[in-house]
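# Quick one: sequence and predicted model below, then my questions.
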Amino acid sequence: MKKTVFILYLVSCFRLIGQETPAIANNKNILLLDGTAHIGNGNYIKRSAIAIKDGKITLVENALVKTIDTSGYDQVIRIKGKHVYPGFIACNSTIGLMDIEAVRASRDSYEVGEFNPNVRSIIAYNTDSKITPTVRSNGVLMGQICPKGGTISGSSSVVHFDAWNWEDAVVSLDEGIHLNWPKYNSLVDTASFSNDYQRALNSISSFFSRAKAYNNELNNSYFNIKLNALKGIFNGEQQLYVHVNFVKEINDVIQFKKDFKLQRLCVVGGADSWMIAKRIKENNISIMLPRTHRLPNYSHQDIHLPYCTAGVLANEGVLFCIQNAGDMQEMITRNLPFMVGTAIAYGLDYEKGVSAISLNAAKILGIDHTVGSIEEGKDATLFISSGDAFDVKTNNVEYAFIKGRLISLENDQIRKYKKYKKKYDLK
Amino acid sequence: MKKTTLFLVFLLTVGTFFPQQYIPYNGVKDNANQPIALIKAIIHVNSQTTLNNGTLIIKDGKILAVGENLKPPKNAIVYDLYDKHIYASFIDLYSSYGISKPIPKKKPPQPQYSSSKQGPYYWNESIKSEYSGIDDFQFNQKQKNKLLKKGFGVVLSHREDGVLRGSGFLTSLNKASNTTTLDNHAANFYSFKKGTSHQAYPSSLMGCIALIKQFYLDAIWYKQTNPAFKDLSIESHLKSIEKPQIFITSNAQDILRVNKISEEFEIDYIIKTGGDEFERIQEIKNAGLKLIVPINFPKAYNVENPYDANRISTQKLRYWKYAPFNLSILEKNQLNFSITSNGLSPKDFISNLRLAISKGLSKEAAYKALTETPAAFIQKSNTLGTLEKGKWANLIVTSDELFEKNGTLLENWIQGKQHIISDLNADDIRGKYNLNINQNIRTLIVKGSKEKPKASIQYNIIKDSTLEGVFIIDSITGRPIKITKKKTVPVTIKHQGKQITLAFKLNGGNYGLSGIVNFNSGSWDGNGLDPNGEWFKWSAIRKEKPIVKEKKPVFTMDTSAFHPLLPPVAYGFDSLPKPIPYLIKNTTVWTSEKEGILYNTDVLINEGIITHIGNILDVVDPSTIVIDGTNKHLTAGIIDEHSHIAISRGVNEASHSVTAEVDLGDVINPNDINIYRQLAGGVTTAQLLHGSANPIGGQSAIIKLRWGSSSEQMKFKPAPKFIKFALGENVKQSNWGDRNTIRFPQTRMGVEQVYYDAFLRAKKYGERWEEYRQSNKKGKQQLPIPRKDLQLEILLEILNKERFITCHSYVQSEINMLMKVADSLNFTLNTFTHILEGYKVADKMKAHGAGGSTFSDWWAYKYEVKDAIPYNASLLNQMGITVAVNSDDAEMGRRLNQEAAKGIKYGGMKEEEALNMITINPAKLLHIDHIVGSIKEGKDADLVLWSQNPLSVYAKVEKTFIDGKLYFDIDTQNQRKMKLMKQRSELITEMISFKNAGGKVQKLKAETSTSHNCSTIKDDGNE
């Protein structure tokens, strides 16, 4: 109880300030006791003991099996009946690049030009976005910030959502390049694009061929900023994220991966991926599934198809995560857990649902050695919800830690609510 | 032979029977005015009567007599048509023959709100009732010949431009002369397409409908009052109102929309259809309409690749399969229809016609639909449509029964003038000949078509192989062997009458042959000139007659009966669900009433009503279906206060600032798959709202999601009237781009003025009518009748508290403003929708009496929602305001339960309160809470059975009932999906075999997405 008061005190510090202040480093030795821990790797511990020190998880134990000595901790938070999750990761996000979509001045996610591998999203990432605090208070604590536009949009970086500036936000810098695969047939336009498709494909191939050749030579006599930017794709340091949804195109992407001997390729979207799940798995391709809260593409498709796809991929053993790009994607990031909830309702195993926005996302992003699950030695980026975090009515984040720092769960919206409750004298 | 001569004689007589006395004449006048007799023919006098050995006598372009055993006058020119058939020439009522396509003006740089037309015309440029097609008529030989080949004698031609398109003219397909056009103003034309007008209004289908209605009202008023000003558009319309009124549509939905106008204004339209009437045949039959039906059946699609096939909508697949059945279905349902050949080549026209006949259309009905019916539609039965005495001698001669496979169209006579289409007497010179030149015999092969033959000479050259560079010794003779080489030489061939010309090159020299065709082309002979300039004799004897190539077997689809789907799209029903008594036992009942949640309770529904709630031990009706509700939850059907699903061609009339005259009820699209998807999300009632493009939008339509019903049957009849208003960025066009900066209002200041102006006009309008009624009552003074204005009528309803408002709103200042406007004019804002800053003015809303229908957690997508908070609903609820959560989005509409649950997460609502936001509260806002919105005895049985707590993200809808009928059932859903996939697969297989048999295909068109939201401002074309 006393400890809770302490926490409340910490939290109250932020209340007076308009923008959430990044939390101070925490060198206390904290024990989270008796909560149900959803590890992120598909397992859970009904009554767990999780210790945090110096930003890292130092202990994860089953409190039912092992007696936990609470004496060595500066602080013990008892969370019986509550749930602990690894911080959720919003992949394929534009948070911090765009706050108000309709206001041109606030749009920093779309760059002009066809091939912009050299463009870096992290440069424009705004740690003070008004949207971020409303997202992390639902358990989403990290994001992959992706540039949009053109055929090659540029490189993305992974950040956590509690920082003064991008340097201390960054978890993985320029970790991948984003390629928007052309459409064989446009879904919206009824015209057939097959010729244009082939042309677009050729132009991508030729660009990649040039880049590959350029990067084969270590001592080029000239410096090509664009071709150089693709270096990591060929040596496996960076992942190629291919934004593509339809099955015909995905098949071409698989061939593309083979042709260029790309080690790491992730399909972002892949609405049709369930049709060729085995092939995708065999070719060692991961999937960032689109938001489950969307309509099927065609009227005859299963009315619940977008809800069911994750379950199908999980059963086939495909490495996938769930992302929420689409209309109003920045603010809708806070509903990412509920999108997973819907997938769970339609066939995805609960703990695999946890993985779908934690450890599996981290694996795809190549950061699973430090984050993504509640395991000893990893960053203490996790949160406690009083109820099931995937269910709208029970998602209630009480504490959230980013690298062991207890972050503020306040936001502007809560403040406005309180302000007007006071005005109307509501309790 | 004889006939040719007669034809020549005939040619000389042409024109003589026309009244040309007043036309100056060069030469000696040949006043021959002889009758023409067609004898020994099988004459199809009309669709009912056929004469087997008939004679038809023509004089002065008209039929003088027709009958069997008729004796032609002695001076008649006689045509022996033994074994040939004579039909009346066809009449096409949908054509733009002789009128060139309208050329649109350059699009203005900024939106054009007023008419750019000079002169005293109607205010809207898409009203072109003053236009006469005849003024632009230019004789067009090419188009004429095409129509003649199809068998048409008369067409009704109009210009395809505008909502009201003006008059069309009826013309016979003769060269221009005094009798060519039969009626210069034969009919008026309409459509739901704006055409070349750049004027902003109308931008949507509902705008087109409102425009037509207002024009009619203005015309009536103009006639009644004879006002001081002139309107030539109205005057033209009034002059021709007794003429046939033809409405051009392109799908079954639009036919029913025209029918609604027809009923309202008592106008007996003739409707050109889209050829898909079979999909809504019951409603169309009930309407008893006159139809002009196209037979340009859709081509198949390239569907070999299953991924591609997956992109085609079920509706398109079905349309391909069933379009040829359309006419037979119309006939079976006794509809009055004519056929148009528009868009078809002569070849396709006749083959499609035969295809329709092979699908069950009777030959009599086909003949009638091409002759008698169009003649009657155009009010010309006295002169056209049959081969009866006194009518125009418009007839076609065919080699066999025209609607049979072998029937070839030979001649088309227009007003007694013969046009040869296919000369049956011409020699068919094709075949294999021995061509003899100076005793040198070579083979001549004539191939190609009868009209355009192609020829070649084939012969063998025998040479020593050594000369060809091959050295092979014959083992017996010991000499080099001889080899035979085949040579083919192309021949230029010309055949005219009995003359034949051949030209070719042989051994480097040119030969020219001229000759005569004898004995039906059994032999040719004549003289020729060789390369040395010497004349020689030649002949050709036919050895083989032309091989009539077996045509590729025409692919015939199976004539299996038509399978209706309700609606005709994916997941349509075979038959509509029936109201069976259901007993849902032992379940958790969320009543949305003061009783709260009842556990282990039974609910009985019968005849569409909730009849009993409690512990039901026994049911009287043995047909009652008992559903075990153990561990399940029953709620009232979800009501979506703000929806844009199921709307055809435009959610917004995105033009004028005030468009109260447009009505969503006119454009409900019952085929939208989102209706079914939302049923699967538990939605049973939705308010289809106009978008937010203008401060005063259109009238809304409250519907029950009765999937499979017609748009009219979907309407929630007892629901009161509503209209959409809108405030903020959308109405001031903030996000419409740089082109849209001139419409008033561009600021929130202007928005207020729009309202004052509109309501003051409405008030004045009401007063004027009241004054008129009073004065007439007293009989003192006859005031002129005021003009009826659809827009002001609707606004007056608001002032008279007969219509409620749902207003799109975000920012506190504008909410405040509108409530003040309403207060000052003494009406109440019923609902603020979106109302994202409602929490800032909740006290004022409460004082005013407004409710709120809000998004659960949307914000940050535009500037005016930067202060939106997810606690809004909860705070409004705490303030005692009736609050609902709505979708405004087809996707969110199917999981509104999750959105309601956000009231618990943000602001700590009780679970029942949260559920009420999608059940009883929206019912209250829509003033239908006495009928739906809760589980209460006597209320409509609109119910949803959930797999678990309906507010949980894990809850699935298992059953959705509307009016006690089971519209969605998760238990049969999978089965329905499998059935649909099977149906599609059968259609796709059929399409592939059709293509393989040589059928025509078209490029694949992917199904387009059909979702709308508030700010969709275009006519999206989605029917």
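Noted; the coordinates are in hand. Here the structure is a predicted model, which means the values were calculated and not measured.
# elements contacting whichever strand or helix holds residue B:994?
Element membership for residue B:994 (DSSP states H and E) is helix B:970-996. In terms of contacts (3 or more Cβ pairs under 8 Å, 6 or more residues apart in numbering or on different chains; DSSP states H and E), helix B:970-996 is packed against strand B:300-301, helix B:306-309, helix B:314-322, strand B:957-962. Where C-beta positions appear, they are placed from N, C-alpha and C, glycine not excepted.
# Could you list the buried residues of it?
Going by neighbour count (16 or more other Cβ atoms under 10 Å in any protein chain shown), the buried part of helix B:970-996 is B:973, B:976-977, B:980, B:983-984, B:987-988, B:990-992, B:994-995.
# follow-up on the earlier one: pick the most buried one from the helices and strands packed on helix B:970-996.
strand B:957-962 (a mean of 24; mean count of other Cβ atoms under 10 Å in any protein chain shown).
# what's the angle from that strand to helix B:970-996?
90 degrees (axes from the mean of the first three to the mean of the last three Cα atoms, to 10 degrees).
# Identify the residues contacting strand B:957-962?
For strand B:957-962, contacts defined as Cβ atoms under 8 Å, 6 or more residues apart in numbering or on different chains pick out B:582, B:605, B:627, B:632, B:637, B:679-684, B:704-706, B:940-947, B:966-971.
# Can you report the mean pLDDT over the residues of that strand?
Mean pLDDT, computed over strand B:957-962, is 98.
# The lengthiest helix in chain A - contacts with which helices or strands?
As assigned by DSSP state H, the longest helix anywhere in chain A is helix A:194-216. Applying 3+ Cβ pairs under 8 Å, 6+ apart, we find helix A:194-216 packed against helix A:225-228, helix A:231-235, helix A:247-259.
# Between those helices, which one is closest to chain B.
helix A:247-259 (5.3 Å; Cβ to the nearest Cβ).
# So for the closest one, what gets flagged as buried?
A:247, A:249-254, A:256-257.
# when you check chain B, which of the residues you listed turn up near it?
residue A:247 (Cβ under 8 Å from any Cβ of the partner chain).
# how far away is the residue in the stretch 801-950 of chain B that chain A sits nearest to from residue A:98?
Closest to chain A within the stretch 801-950 of chain B is residue B:862: 3.5 Å, counting by Cβ to the nearest Cβ. Applying Cβ to Cβ, to the nearest Å, the value for residue B:862 to residue A:98 is 12 Å.
# So for the two, which sits in the more crowded spot?
residue A:98 (23 against 19; other Cβ atoms under 10 Å in any protein chain shown).
# quick one: contacts for the more buried one?
Applying Cβ under 8 Å, 6+ apart, the residues contacting residue A:98 are A:106-109, A:330.
# again, 10 Å this time
Applying Cβ atoms under 10 Å, 6 or more residues apart in numbering or on different chains, we find residue A:98 in contact with A:106-110, A:124, A:126, A:129, A:131, A:148, A:329-331, B:860-861.
# Buried by neighbour count, from those residues: which ones?
A:106, A:108-109, A:124, A:126, A:129, A:131, A:148, A:329-331, B:860-861.
# ok, is stretch B:651-665 in contact with chain A or not?
No: contact of stretch B:651-665 with chain A (Cβ under 10 Å from any Cβ of the partner chain) is absent, the minimum separation being 16.1 Å.
# Dump that stretch to PDB, keeping only the CA atoms.
Output of stretch B:651-665 as PDB, limited to C-alpha atoms (Å, rounded to 0.1, in the frame of the first residue of the first chain):
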ATOM      1  CA  VAL B 651     -23.500  10.200 -49.700                       C
ATOM      2  CA  ASN B 652     -23.200  14.000 -50.100                       C
ATOM      3  CA  GLU B 653     -25.000  16.400 -52.400                       C
ATOM      4  CA  ALA B 654     -21.800  18.300 -52.200                       C
ATOM      5  CA  SER B 655     -22.800  21.400 -54.000                       C
ATOM      6  CA  HIS B 656     -25.000  24.000 -52.400                       C
ATOM      7  CA  SER B 657     -24.700  25.000 -48.800                       C
ATOM      8  CA  VAL B 658     -28.300  24.000 -48.300                       C
ATOM      9  CA  THR B 659     -29.600  20.800 -49.800                       C
ATOM     10  CA  ALA B 660     -32.500  19.900 -47.600                       C
ATOM     11  CA  GLU B 661     -34.400  18.800 -50.600                       C
ATOM     12  CA  VAL B 662     -32.400  15.700 -51.200                       C
ATOM     13  CA  ASP B 663     -33.500  12.500 -49.600                       C
ATOM     14  CA  LEU B 664     -31.400   9.400 -48.700                       C
ATOM     15  CA  GLY B 665     -34.600   7.500 -48.800                       C
END
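# confidence score at the most centrally placed residue in chain B?
The residue lying closest to the centre of chain B (Cα atoms, centre = their mean) is residue B:250, at 1.4 Å. We note a pLDDT of 94 for residue B:250 in this prediction.
# residue contacts, residue A:113?
A:119, A:149-154, A:226.
# separation between it and residue A:119?
Applying Cβ to Cβ to residue A:113 and residue A:119 gives a distance of 8 Å.
# Just the closest residue of the stretch 51-200 of chain A to chain B, please.
For the stretch 51-200 of chain A, Cβ to the nearest Cβ, closest residue to chain B: residue A:102, 3.5 Å.
# wait, that residue sits on residue B:865?
Yes: the criterion here is Cβ atoms under 10 Å, and residue A:102 meets it with residue B:865 at 8.9 Å.
# The biggest helix by length in chain B and chain A, any residue contact?
Secondary structure assigned by DSSP H gives helix B:748-778 as the longest helix of chain B. No: Helix B:748-778 lies out of reach of chain A by Cβ under 10 Å from any Cβ, never closer than 16.0 Å.
# Now do the buried residues in the helix or strand that that helix is followed by.
Using DSSP H and E, the helix or strand that follows helix B:748-778 in sequence is helix B:790-799. By 16+ other Cβ under 10 Å, the buried positions in helix B:790-799 come out as B:790-799.
# Got phi/psi on the residue nearest to residue B:752 when sequence neighbours are not counted?
Excluding the flanking residues, the one nearest residue B:752 by Cβ to Cβ, 6 or more residues apart in numbering or on different chains is residue B:817, at 5.2 Å. With angles defined as degrees, to the nearest 10, residue B:817 sits at phi -60, psi -50.
# now swap in residue A:359 and tell me
Torsion angles, degrees, to the nearest 10, at residue A:359: phi -60, psi -40.
# The helix or strand where residue A:175 lies: how far from the chain's middle?
Under the criterion of DSSP H and E, residue A:175 resides in strand A:170-180. Relative to its parent chain, strand A:170-180 has a centroid offset of 12 Å by Cα atoms, centre = their mean, to the nearest Å.
# Can you tell me the strand partners of whichever helix or strand comes after the helix holding residue B:994 and which way each runs?
Sequence order places strand B:1001-1002 as the next helix or strand after helix B:970-996, per DSSP H and E. Counting by DSSP bridges, the strands paired with strand B:1001-1002 are strand B:300-301 (parallel).
# Just give me how far the partner strand sits from the chain centre.
That offset, for strand B:300-301, works out to 19 Å (Cα atoms, centre = their mean).
# quick one: contacts of it?
So strand B:300-301 is contacted by B:308-309, B:311-312, B:316-317, B:320-321, B:555, B:987-988, B:990-995, B:999-1005 (Cβ under 10 Å, 6+ apart).
# Stretch A:374-384 close to chain B?
No: judged by Cβ under 10 Å from any Cβ, stretch A:374-384 stays clear of chain B, getting no closer than 14.9 Å.
# Give me the buried stretch members for that stretch, please.
In stretch A:374-384, counting by 16+ other Cβ under 10 Å, buried: A:374-375, A:378-384.
# Count the neighbours of residue B:182 for me.
By other Cβ under 10 Å, neighbour count at residue B:182 equals 18.
# Please disregard the earlier target; I meant residue B:502.
With other Cβ under 10 Å as criterion, residue B:502 counts 24.
# The one 10 residues further on now?
The criterion is other Cβ under 10 Å. On that basis, residue B:512 has 14 neighbouring residues.
# Please apply the same query to residue B:661.
With other Cβ under 10 Å as criterion, residue B:661 counts 25.
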